[in-house]
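Colleague: Fold the stuff below for me.
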Amino acid sequence: MNVLVRGKNCKVSRRLRKLATEKIARIERLARGVERADVEFSETGHHHSPRTTGCEVTVHLGRDVVRAHATAADAASALDLTIDKVEHQLTKRKDKRVARNHGRQHGRNRRNGGTGELESFGGAEDHAGDEAPPAGLHIVRETSPDVKPMSPYEAALQLDVLGVEFLLFSNSENGNAAVIYRRRDGDIGLIESAG
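Modeller: Numbering: from 1, shown residues only. The predicted structure follows:
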């Protein structure tokens, strides 16, 4: 993993660079595919207010980015606070991925009498006359969502309230079926049927 340590409006000592590099190395155990980490220190303060040091850490994980920022009276404390935030985000991300994978496995076991195999739909045994799916394609049904009429704005709010990545809803403005989702860049996307 490449670690870039720099200062914005301040000098970064050799000791602080070494400390930042050592602390950043700890986060590799929490995430696979860490390509690089950027650590930026900055100082703020005026003649009438105490000087504080800010630290921002950006961790690049392939297409994903985890970023955290904290300020403290000194650079080492700001770094510690920021690393704690990054570790918290990475742990949360890892736990979410494990829970999602564990939940899928648990659902498979429940539906298939504990065999742990995927349930296959659309095969010749299930639907005579239908085409068999391509090899390795399996569809596992998890839920049947209750599609509620709401505006796209309300649906976007529900993403955060429910803590989900996407939501199927009926657009109350035009009656069309729609999906609202969180994009990789953090923005919200909307897919809507033509009518």
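Colleague: is it true that residue 40 lies in a strand?
Modeller: Yes - assessed by DSSP: H, G, I helix; E, B strand; the rest coil, residue 40 belongs to a strand.
Colleague: Start at 15, not 1
Modeller: Renumbered: residue one is now 15, and that last one reads residue 54.
Colleague: mind checking the SS state of the closest residue to it other than its chain neighbours?
Modeller: Leaving out its chain neighbours, the residue that sits closest to residue 54 by Cβ to Cβ, 6 or more residues apart in numbering is residue 70, at 4.8 Å. All C-beta atoms are positioned from the backbone trio N, CA, C, and that covers glycine. Here residue 70 is strand, with the state taken from three-state DSSP.
Colleague: Likewise for residue 199?
Modeller: Secondary structure assignment for residue 199 (three-state DSSP): coil.
Colleague: Show me the shaky parts of this structure.
Modeller: In the predicted model of the chain, residues 60-63, 112, 114-159, 209 satisfy pLDDT under 70.
Colleague: Please, where are all the helices along the protein?
Modeller: Remark: helices assigned in the chain by DSSP state H are 28-40, 89-125, 166-176.
Colleague: wait, which of those is closest to residue 182?
Modeller: helix 166-176 (9.0 Å; Cβ to Cβ).
Colleague: Point out the other helices and strands that that closest one packs with.
Modeller: On a contact count with 3 or more Cβ pairs under 8 Å, 6 or more residues apart in numbering; DSSP states H and E, helix 166-176 meets strand 180-185, strand 191-196, strand 202-206.
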